[in-house]
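Visitor: Here's a sequence, model it:
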Amino acid sequence: MIHQGEYIRDILRGEVGKTVHAHGWVKTRRDSKGVSFVQLNDGSSFQDLQVVIEEGALPEEAMKQTTTGACVRVTGELVASPAAGQAVELKAKEILVYGGADPATYPLQKKGHTMEFLRDIAHLRTRSNTFGAVFRVRNALAHAIHNFYRERGFVYVHTPIITASDCEGAGAMFGVTTLDMMNLPRNDSGAVDYSKDFFGKPAYLTVSGQLNVEIFALSFTNVYTFGPTFRAENSNTPRHLSEFWMIEPEMAFCDLEGDMELAEAFLKYIIKYVMEACPDDLEFFNKRIDNTVLATLSQVVENNFEHVTYTEAIRLLEKSNRTWEFPVFWGADMQSEHERYLTEEVFKKPVIVTDYPKEIKAFYMRANDDGKTVRAMDVLAPRIGEIIGGSQREERYDVLLDKIRKQELNEEAYWWYLELRKYGSAPHAGFGLGFERVMLYLTGMKNIRDVIPFPRTPGSADF
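Guide: Modelled structure (predicted):
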């Protein structure tokens, strides 16, 4: 029988003299005269457990296999550690090697590795200091998100992965089909005959759960979805993935002001939660990745967010006398350089920008009475720019139908979305938050491919 033992994070807080069973993977092994020092980690903490093995205490064959990368169970006694930064260390009495690792070929040696190299070994990069910290933070962040909504009585909805609707109207979607690509059925006009396909119509991987979650908001009042979404944009930037996770709350009887209040409370809550749950990991990121991480996170938690309209924001950008890479004018979609200027130099804290031109926002956003803008809001944060996008939704049937037609969307695909406005419509609002975008903010990591376990990008679907 295998006794699972204790997590290393708990062993490190254990009492001197206690006998423990520690499981994990060998980070490093260092041999000195008469003694060997093994750094052991099981993923439960940033700090390793130092195992001290006196010469002759363990079988020679087991010691030969206890090399970097090996998986072992060590039984021994906790003793006070003379080394700095650790209260205890484990004096080994028994060792069991579950799986060895050839030290000549094991890729994660004790040296610096590039992020590009580590992406190529995503099956092993989780054992490194950086990625151990990344995925502990990711775990804590997921818990924080669910806790926030559960504490507020929201219903968690699992929205579909496969859909016939394009929420954004962008068209950059992955098709889902069972048709034989080498022998596609055609109709009389020569187009692909999707009536022969599995769903009888074109189907795609979802770009957002928003439209579906609106259904539940108009029955359960406050709801949210948290799941994978997909974009088929051929974009090879450090900020884009083809598969990523989204958090999308939706609230009935809520307007733009209520939407902004929830977005601010949400960001503050999840950031504070992770700061309290993962202090060692965040300290590592602040020291090794970006020395502004802790300061900017505190800035979000401790400050009330600034509110400006899009029109006011454009005016501030025009007055800056800056030469922008992307020109600034009313009607332009603000870029990261503009967003960071507003948050880092003008207001020096998070900013919520509202009331965008209707031409640059999605069809479902509620039209303002001026006929030019919609009740949209983007939350901008120092160091990263836009982190949340949301709006009050268009609850008026005639207005929504007109928007769908003017944007030349497939009216039939949205029949049920329109019917929600015919049968008991209500004011409602919501927003979307990219999970990996928040991960970049929490960790200071520079590439979004390094905050998701197995990145999906153009030309890459490994692991």
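Visitor: Could I get the buried residue list for stretch 33-47?
Guide: Residues 36, 38, 39, 40, 41, 42, 43, 44, 45, 46 are the ones in stretch 33-47 that count as buried (16 or more other Cβ atoms under 10 Å). Placement of C-beta: from N, CA and C, glycine included.
Visitor: Kindly format the C-alpha coordinates of it as PDB.
Guide: Extracted in PDB, the C-alpha atoms of stretch 33-47 (Å, rounded to 0.1, in the frame of the first residue of the first chain):
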ATOM      1  CA  LYS A  33      32.000  15.200   1.900                       C
ATOM      2  CA  GLY A  34      30.100  12.600   3.800                       C
ATOM      3  CA  VAL A  35      26.600  14.000   2.900                       C
ATOM      4  CA  SER A  36      24.200  14.700   0.000                       C
ATOM      5  CA  PHE A  37      21.700  17.500  -0.200                       C
ATOM      6  CA  VAL A  38      18.500  16.900  -2.300                       C
ATOM      7  CA  GLN A  39      16.000  19.600  -3.100                       C
ATOM      8  CA  LEU A  40      12.600  18.000  -3.300                       C
ATOM      9  CA  ASN A  41       9.300  19.600  -4.600                       C
ATOM     10  CA  ASP A  42       5.800  18.200  -5.000                       C
ATOM     11  CA  GLY A  43       4.300  21.300  -6.600                       C
ATOM     12  CA  SER A  44       2.400  22.300  -3.400                       C
ATOM     13  CA  SER A  45       4.700  25.200  -2.500                       C
ATOM     14  CA  PHE A  46       7.300  27.500  -4.100                       C
ATOM     15  CA  GLN A  47       9.900  26.500  -1.500                       C
END
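Visitor: Below-threshold pLDDT in the stretch 251-400 of the chain: ranges please.
Guide: Applying pLDDT under 70 to the stretch 251-400 of the chain picks out no residues at all.
Visitor: And the strands in it, which stretches?
Guide: Listed in chain order, the strands of the stretch 251-400 of the chain (DSSP state E, counting those that start in this stretch) span 306-309, 351-357, 373-381, 385-392.
Visitor: The closest residue to residue 121 other than its chain neighbours in helix, strand or coil?
Guide: Nearest-residue entry for residue 121: residue 107, 5.2 Å, with adjacent residues in sequence omitted and distances by Cβ to Cβ, 6 or more residues apart in numbering. Per DSSP: H, G, I helix; E, B strand; the rest coil, the local secondary structure of residue 107 is coil.
Visitor: Residue 107 against residue 127, yeah?
Guide: No: contact criterion Cβ atoms under 8 Å: residue 107 and residue 127 do not qualify, at 9.9 Å.
Visitor: Looking at these two, which is more packed in?
Guide: A count of neighbours by other Cβ atoms under 10 Å puts residue 127 above the other of residue 107 and residue 127, at 19 against 16.
Visitor: ok, that one to residue 26 distance?
Guide: As judged by Cβ to Cβ, to the nearest Å, residue 127 and residue 26 stand 10 Å apart.
Visitor: Show me whatever sits in contact with both of these two.
Guide: Jointly contacting residue 127 and residue 26 under the rule Cβ atoms under 8 Å, 6 or more residues apart in numbering are residue 69.
Visitor: Verify the stated contact: residue 100 with residue 70.
Guide: Yes: here residue 100 reaches residue 70: they are 5.1 Å apart, a contact under Cβ under 8 Å.
Visitor: who's more crowded, the two?
Guide: Neighbour count, other Cβ under 10 Å: between residue 100 and residue 70, residue 70 has more, with 23 against 16.
Visitor: What's the separation between the more buried one and residue 254?
Guide: From residue 70 across to residue 254, the span is 55 Å (Cβ to Cβ).
Visitor: ranges for the helices of the stretch 351-463 of the chain?
Guide: Ranges of helices within the stretch 351-463 of the chain are 397-406, 415-419, 435-443, based on DSSP state H, counting those that start in this stretch.
Visitor: will you turn those into JSON lines that also has distance to residue 188?
Guide: JSON lines is the format used below for those (distance: least, Cβ to Cβ, whole Å):
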{"stretch": "helix 397-406", "distance to residue 188": "27"}
{"stretch": "helix 415-419", "distance to residue 188": "25"}
{"stretch": "helix 435-443", "distance to residue 188": "45"}
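Visitor: Point out the most buried one among those helices.
Guide: Among the helices of the stretch 351-463 of the chain, helix 435-443 has the highest mean neighbour count (mean count of other Cβ atoms under 10 Å), at a mean of 23.
Visitor: Tell me which other helices or strands that helix touches.
Guide: Packed against helix 435-443, as judged by 3 or more Cβ pairs under 8 Å, 6 or more residues apart in numbering; DSSP states H and E, are the following elements: helix 129-151, strand 243-252, helix 256-277, helix 279-288, helix 293-302, strand 385-392.
Visitor: again, only this time at 6 Å
Guide: Applying 3 or more Cβ pairs under 6 Å, 6 or more residues apart in numbering; DSSP states H and E, we find helix 435-443 packed against helix 129-151.
Visitor: What lies in contact with the helix it packs on?
Guide: 43, 46, 125, 224, 247, 266, 269-270, 273-274, 277-278, 281, 284, 439, 442-443, 451 (Cβ atoms under 6 Å, 6 or more residues apart in numbering).
Visitor: Would you mind getting the angle between it and helix 256-277?
Guide: 130 degrees (axes from the mean of the first three to the mean of the last three Cα atoms, to 10 degrees).
Visitor: that older thread, generate a ChimeraX selection restricted to the buried subset of the contacts of helix 129-151.
Guide: Per 16+ other Cβ under 10 Å, the buried members of the contacts of helix 129-151 correspond to this ChimeraX selection:
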select :43,46,125,224,247,266,269,270,273,274,277,278,281,284,439,442,443,451
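Visitor: For stretch 139-146, which residues meet the burial criterion?
Guide: Burial within stretch 139-146, assessed by neighbour count using 16+ other Cβ under 10 Å, is assigned to 140, 141, 144, 145.
Visitor: cool, and stretch 322-329?
Guide: Of all the residues in stretch 322-329, those buried under the rule 16+ other Cβ under 10 Å are residue 328.
Visitor: Next: stretch 123-137.
Guide: 124-128, 130-137.
Visitor: which one of these sits closest to residue 316?
Guide: Nearest to residue 316, judged by Cβ to Cβ, of the buried residues of stretch 123-137 is residue 137 at 33.3 Å.
Visitor: Of the strands of the stretch 251-400 of the chain, flag the one that's most buried.
Guide: With neighbours defined as mean count of other Cβ under 10 Å, the strands of the stretch 251-400 of the chain peak in mean count at strand 373-381, which reaches a mean of 25.
Visitor: what's next to that one, contact-wise?
Guide: By Cβ under 6 Å, 6+ apart, the residues outside strand 373-381 that reach it are 256, 260, 263, 339, 343, 350-358, 361, 365-367, 386-392.
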